[in-house]
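Asks: Below are the sequence and a predicted model for it; my questions follow.
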Amino acid sequence: MASAQLPDSKTAGAGQTASSHVAQKRRRRRDEILHAALRAFRERGYHGTTLEEIAGRLGLQKTALYYYYSDKEALLYECHRRSLDELDRVLEETESTESPTEALMHVVREHVRVMIETLEGSSLAFEIAALSPEHQAEVVEARDRYERRLRRIIADGCESGEFRSVDPKLAVFAILGAINWIARWYRPEGSLDSPELGAQFARLLVGGLLNGGGEAGPAGRVGQSTPADSPSHESREQ
C-alpha cells in the first residue's frame, strides 16, 4: 500500500504565505467597511444609515458586506468591542504611571482619542439599546468594568490628597458624560485635532478635581494656570 506523500517545506511555506495574505486582505477590508460605517453613523446616525449606503461609500454591492459582517448590528457591536478593547489597554498603561493625577490625565486624553479616531466622532456610546441582548450584556459589562477602574483611580487620588474629597462615582459620570458628548458637536474639519482636544479635556476635567486649585499640566503635574496653558483665542469652535 503506497504511503501518503507529505508536502515539502517549500510547498507548505507557499501555502502559509498565501493564507496569510488572504487573512490580511480580509482584515483590511473589514477595517474599511467599519470606518465607512462609522462615518455614515456620524453623519446620519445609526438608525438613519443603511447597509446600502455603507456599501456605496466603498463602491460595493450590499451583498458583498455579508461576507464580512452579517448585518448592521454586527457592525455596531464590532465598533463597541474595538473601542472597549482599546480602553482596556489604556487602563493597563496606567499601571506604570506615578500618580492618580497622571493616570487620570492619560485616561482622559486616550478616551478622547478613541472617541475621535477609533469611533470617528460617532455617537455610538448612545446606541447600546440597538445591540442584541447578548451583545448588549457584554458591552454593558465591559463598560461597567471600565467605570469601576476609573472610580478606583479617583478614589486613590482622594485618599492620597491629590484630589479634593469627591464622590468617585459622580466624578466618573461627569468625566464620561463630557467625553461622550463630543459626538454631538465634533466635526473632523474643525480647528482642533485629536491630541489637542484630548489635552484640553484632560486639563479641564482633571484640573477640576485637584486639591488646592492648581491645574493639571500636560504630564499630569500640578501647577498654576498661565496664559500659555489656555486655548488660543484663534481657535474656532468645532
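Replies: Noted; the coordinates are in hand. Numbering: from 1, shown residues only.
Asks: what's the nearest residue to Leu38 once chain neighbours are set aside in contact with, if anything?
Replies: Taking C-beta to C-beta, 6 or more residues apart in numbering, and ignoring the residues beside it in sequence, Leu38 has Glu120 as its nearest neighbour in space, at 3.8 Å. Every residue, glycine included, has its C-beta placed from N, CA and C. Applying C-beta atoms under 8 Å, 6 or more residues apart in numbering to Glu120 gives the contacts His35, Leu38, Arg39, Phe41, Arg42, Pro188.
Asks: try it again with 10 Å
Replies: 34-43, 79, 183, 186, 188 (C-beta atoms under 10 Å, 6 or more residues apart in numbering).
Asks: Take these and keep only those in helices.
Replies: Judged by DSSP state H, helices contain the following of these: Leu34, His35, Ala36, Ala37, Leu38, Arg39, Ala40, Phe41, Arg42, Glu43, Cys79, Ala183.
Asks: now those residues in TSV, with distance to Ser99 and pLDDT?
Replies: Shown next, in TSV, are the ones in helices among the contacts of Glu120 (distance: C-beta to C-beta, whole Å; pLDDT from 0 to 100):
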residue	distance to Ser99	pLDDT
Leu34	36	92
His35	36	90
Ala36	41	93
Ala37	39	92
Leu38	34	90
Arg39	38	89
Ala40	41	90
Phe41	37	89
Arg42	35	86
Glu43	40	87
Cys79	33	90
Ala183	30	84
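Asks: Which of the residues you listed sits closest to Leu51?
Replies: Nearest to Leu51 among these is Ala37, at 8.8 Å by C-beta to C-beta.
Asks: doesn't Tyr77 make contact with the closest one?
Replies: No - using C-beta atoms under 10 Å, Ala37 is not in contact with Tyr77; the gap is 11.4 Å.
Asks: quick one, strands of the protein?
Replies: 215-216, 222-223 (DSSP state E).
Asks: Tell me how far Glu92 lies from His47.
Replies: As for Glu92, its distance to His47 is 34 Å (criterion: C-beta to C-beta, to the nearest Å).
Asks: List the contacts of Tyr146.
Replies: Leu84, Leu87, Asp88, Val90, Leu91, Val107, His111, Val172, Leu176.
Asks: Compute the first-to-last residue distance for stretch 111-121.
Replies: When the termini of stretch 111-121 are compared using C-alpha to C-alpha, to the nearest Å, they are 12 Å apart.
Asks: Going by neighbour count, which residues in that stretch are buried?
Replies: Using 16 or more other C-beta atoms under 10 Å as the test for burial, stretch 111-121 gives His111, Val112, Arg113, Val114, Met115, Ile116, Thr118, Leu119, Glu120, Gly121.
Asks: quick one: which of those sit in helices?
Replies: His111, Val112, Arg113.
Asks: ok so, going back, who touches both of Ala37 and Tyr77?
Replies: The contact lists of Ala37 and Tyr77 share Tyr69, where a contact means C-beta under 10 Å, 6+ apart.
Asks: of the two, who's got more company?
Replies: Set side by side, Ala37 and Tyr77 show more neighbours around Ala37, with 28 against 21, by other C-beta atoms under 10 Å.
Asks: May I have the residues that are in contact with that one?
Replies: So Ala37 contacts 46, 49, 51, 53-55, 57-58, 65, 69, 72, 75-76, 78-79, 120, 122, 124 (C-beta under 10 Å, 6+ apart).
Asks: mind redoing it with 8 Å?
Replies: Thr49, Ile54, Lys72, Leu75, Cys79.
Asks: count of neighbours near Ala74?
Replies: 16.
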